[in-house]
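Participant: Give me the fold of what follows.
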Amino acid sequence: MLSADEGTRAVRLARERLEESLGGATVPGGPPGNSHGLPPVFDEPRGVFVTLRRHPSRDLRGCIGFPLPVHPLQEAIRDAALSAATEDPRFAPVRAAELSRLTVEVSVLTVPVPVTSRRPDELVREIRVGRDGLIVDGYGTSGLLLPQVAPEQGWSSEELLAGTCEKAGLPPQSWRDPKVRIRRFEAQVFAERAPGGEVVREGP
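Facilitator: Take a look at the predicted model:
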């Protein structure tokens, strides 16, 4: 678990990476980045996603990350931040001038674990909206939704399962198929209230 200060530093690290790479000026009044002297947790392998949102609408502008702990946290944050800005296929690359109008959100993931229930009614009960993100794998494709997606959309557990299947390019009821693998994970989510501004912990 990251502390509030470590979460703030994670978000600052992501913004710093964006400003360095895209050439944008630092947000006026925003706290400086903290890429030096990071706490030991930043050297531990962690799964992480970086989400960019337009301010103040909170419309999505990019989201990419690493579901599994394959990179040290600081490296994963830097790489995910730049990828969210430049490689999300749903959006055109972020321009430097946009950075002052975007908020940065970092989700640090637990290791995904298999959902053990296979009866549809039991499976739905095992998934908790707001706590769980899901990964669906099957028929040569995969999809992931972060824990914050279901509350934002007003979804039930069953709708989260269906939505993750659709993210994978599968029919929405594919979660009922025994050949489809379902894993769940949790996340600590830290986000700027305004571009370059105060960082808060979101969710449960």
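Participant: Number of residues surrounding the closest residue in space to Ser117 that isn't next to it in sequence?
Facilitator: Nearest non-adjacent residue to Ser117, counting by Cβ to Cβ, 6 or more residues apart in numbering: Leu123, 4.3 Å away. All C-beta atoms are positioned from the backbone trio N, CA, C, and that covers glycine. Neighbourhood size, Leu123 [other Cβ atoms under 10 Å]: 18.
Participant: what sits against Leu123?
Facilitator: Contacts for Leu123 (Cβ atoms under 8 Å, 6 or more residues apart in numbering) come out as Val115, Ser117, Leu161, Trp175, Ile182.
Participant: Could you do Leu160 as well?
Facilitator: Each residue near Leu160 by Cβ under 8 Å, 6+ apart is listed here: Ile127, Val129, Asp132, Leu134, Leu145, Val149, Ala150.
Participant: so the residue nearest the centre of the chain bridges to which residues?
Facilitator: With distances taken as Cα atoms, centre = their mean, the residue of the chain nearest its centroid is Phe49 (3.4 Å). Beta-bridge pairing of Phe49 under DSSP bridges involves Gly65, Ser107.
Participant: Check it and give its pLDDT.
Facilitator: According to the prediction, Phe49 has pLDDT 98.
Participant: sorry, back to before: just the pLDDT for the residue nearest to Ser117.
Facilitator: Looking at Leu123, its pLDDT stands at 94.
Participant: Just the buried positions in the helix or strand where it lies, please.
Facilitator: Under the criterion of DSSP states H and E, Leu123 resides in helix 120-126. The neighbour-count check on helix 120-126 (16 or more other Cβ atoms under 10 Å) flags Leu123, Val124 as buried.
Participant: His55: how many residues sit nearby?
Facilitator: Neighbours of His55 using other Cβ under 10 Å come to 18.
Participant: C-alpha coordinates for stretch 61-79, CSV please?
Facilitator: Provided in CSV are the C-alpha atoms of stretch 61-79 (Å, rounded to 0.1, in the frame of the first residue of the first chain):
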residue,chain,number,x,y,z
ARG,A,61,-8.1,11.7,-22.8
GLY,A,62,-5.9,8.6,-22.6
CYS,A,63,-5.3,5.5,-20.4
ILE,A,64,-2.6,2.9,-20.7
GLY,A,65,-0.6,0.8,-18.3
PHE,A,66,0.8,-2.5,-17.2
PRO,A,67,-1.6,-5.0,-15.6
LEU,A,68,1.2,-7.1,-14.1
PRO,A,69,4.1,-6.2,-11.9
VAL,A,70,6.8,-6.5,-14.6
HIS,A,71,8.6,-3.2,-14.1
PRO,A,72,9.7,-1.2,-11.1
LEU,A,73,7.0,1.2,-10.1
GLN,A,74,8.8,4.4,-11.1
GLU,A,75,9.7,3.0,-14.5
ALA,A,76,6.1,1.7,-15.0
ILE,A,77,4.7,5.1,-14.1
ARG,A,78,7.0,7.0,-16.5
ASP,A,79,6.3,4.6,-19.4
